[in-house]
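Engineer: Could you look at this predicted model? Sequence included:
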Amino acid sequence: MSEDTWSDLDKVDQKIIEILNENARTPSKEIAAELKKLDHEVSDRTIRKRIERLEKSGIIKGYKAILTDVSGIKEYQAILMKLKPSKSLETVKDSIKEFVKKLENYLLIANTDGEWNMLILIQVESGKSNTSQKIVEKFSDELIDYRINEIDIKDVNVLNMSLLLL
């Protein structure tokens, strides 16, 4: 998929994607009715053809089930890490990444530019062992500084987050 494929989307395609992003099981008749409210006269057959075209072009890569958080955990932490400069900095980052990827409650690991070298987002469970502190302790010899911040995640654009995986 090329960059300009996204920019070539008309308002109808954009609205179809927006509706499917909210609920991928939305029937084409319902999508057509929603578009009619916005002064776009499109039949449900046309909607189905457009979705098929969006799938074939690679703009829509697939559909997946998004599960509710059955654990009820809604607490998250961000760990910012400033690493000691060294020739093996990339190796250290890879070690941290491999360690964190083995944790079941990690959400994101990112290398960053600027003052901090890495950002890690994890889900935390009240009353359980502190995963953030375990990460910091494991790599304490490699750290100059770190910050652990509670974060409040209110809304996630699943469509845009899935682009991170490309």
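Structural biologist: Nice, I can see it.

Engineer: rest of the way, CA atoms for contacts and neighbours
Structural biologist: Fine.

Engineer: which residues in this protein form strands?
Structural biologist: With DSSP state E as the criterion, the chain has strands at 75-83, 106-111, 118-124, 143-151.

Engineer: Please spell out which residue in this structure sits farthest from the middle.
Structural biologist: Glu41 (33.3 Å; C-alpha atoms, centre = their mean).

Engineer: contacting residues for the closest residue to that residue other than its chain neighbours?
Structural biologist: Counting by C-alpha to C-alpha, 6 or more residues apart in numbering, Glu41 lies nearest to Leu35, which is 7.0 Å off, once chain neighbours are set aside. When contacts are counted by C-alpha atoms under 8 Å, 6 or more residues apart in numbering, Leu35 is found next to 12, 15, 41-42.

Engineer: any idea which of the residues you listed is the one closest to Phe139?
Structural biologist: Lys15 (46.0 Å; C-alpha to C-alpha).

Engineer: what about that closest one, distance to Lys36?
Structural biologist: According to C-alpha to C-alpha, to the nearest Å, Lys15 stands 11 Å off from Lys36.
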